[in-house]
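**Q** based on what follows, work out the 3D shape:
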Amino acid sequence: MKRCKTLLVCVCLIFLAVVPAYCQRGTFGINVGDTADRFDSLPSVNGLEFGIDGQIAVLQANPKSGRPAIVAGGEIRLPTDTGNHAREYAIFGGPEFNAHNFVFGVHVQVRKIVLPAANVDNQVFARDSLRLVELPIVIKYKFGPAKRAFAEVQGAPEFTPHYRHSSASLVSLPNPNFDHAYFVRGTLGYTFGNWYAKATYETRYFKFIENAGNPSNLYNWKSNLISGGVGFSF
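**A** Now for the predicted structure:
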């Protein structure tokens, strides 16, 4: 029931993000890709992942006054194999400044990551979910004929997560002690009128201190995602 409520809230937020209120500009996209997840020394596991994302300019930029656009949006990622890959839900908002062909922004982002269960000494352990506040730097560049091609880079170090214990866990452990983490995402795309196609690569890494809350480094996680998607803008 909690999972359904979380999914419903995220879908509603993304739906609101792509409704053209007052004819403001937004985007909505669907993505499909391959995710590779590796937890500590365990072998990397590949799987299919689906995602949707949306963004809207809540406040349009004003080039004359230098006022930035204020954007808001959200993202959902759903792997087909939740036994080896994480589900993710995120909402964000923040300013974006226009400078010639570039856009520079900072997004305040709240993300929930539901990690798959682990097997430690032949005992199943449900990892805690991670709730993160992220501040990614966003850089976009438009180029080519009529500036239809675009490139985007996002990246940020991760702050200490908030942990939510899974009621499905058979073992109760203290929260893991965070060491460091980061994510980097790069996107290339092309616009065809009101439609666009894009390809994205993202890498993410989380490291926790090995102790009673992180036995056998079961929380240490590295993921790589390669995806392609289509969407429309308005």
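**Q** where do the helices of this protein begin and end?
**A** With DSSP state H as the criterion, the chain has helices at 2-17.
**Q** out of the helices and strands in it, which is least certain?
**A** helix 2-17 (a mean of 49; mean pLDDT, DSSP states H and E).
**Q** pLDDT weak spots in this structure?
**A** 1-24, 167-172 (pLDDT under 70).
**Q** surely Ala212 and Asn175 touch.
**A** No. Contact between Ala212 and Asn175 fails when scored by CB atoms under 8 Å: they sit 10.1 Å apart. C-beta coordinates here come from the backbone N, C-alpha and C atoms, glycine included.
**Q** mind listing what the closest residue to Glu210 other than its chain neighbours touches?
**A** Nearest residue to Glu210, sequence neighbours excluded (CB to CB, 6 or more residues apart in numbering): Asn217, at 5.2 Å. Contacts of Asn217 were listed using CB atoms under 8 Å, 6 or more residues apart in numbering, and they are Phe39, Asp40, Ser41, Phe208, Glu210.
**Q** likewise Asn177?
**A** Phe208, Ile209, Asn211, Gly213, Asn214.
**Q** and the fourth one, how far from Glu158?
**A** Just to be clear, that refers to Gly213. 17 Å (CB to CB, to the nearest Å).
**Q** if you count surrounding residues, which of these two has more?
**A** Glu158 (21 against 16; other CB atoms under 10 Å).
**Q** what sits closest to Asp53 if chain neighbours are left out?
**A** Counting by CB to CB, 6+ apart, the residue nearest Asp53 is Glu75, at 4.4 Å.
**Q** isn't that neighbour up against Gly51?
**A** Yes. When contacts are counted by CB under 8 Å, Glu75 is listed as touching Gly51 (6.6 Å).
**Q** distance from the centroid: which residue in this structure tops it?
**A** Lys64 (32.9 Å; CA atoms, centre = their mean).
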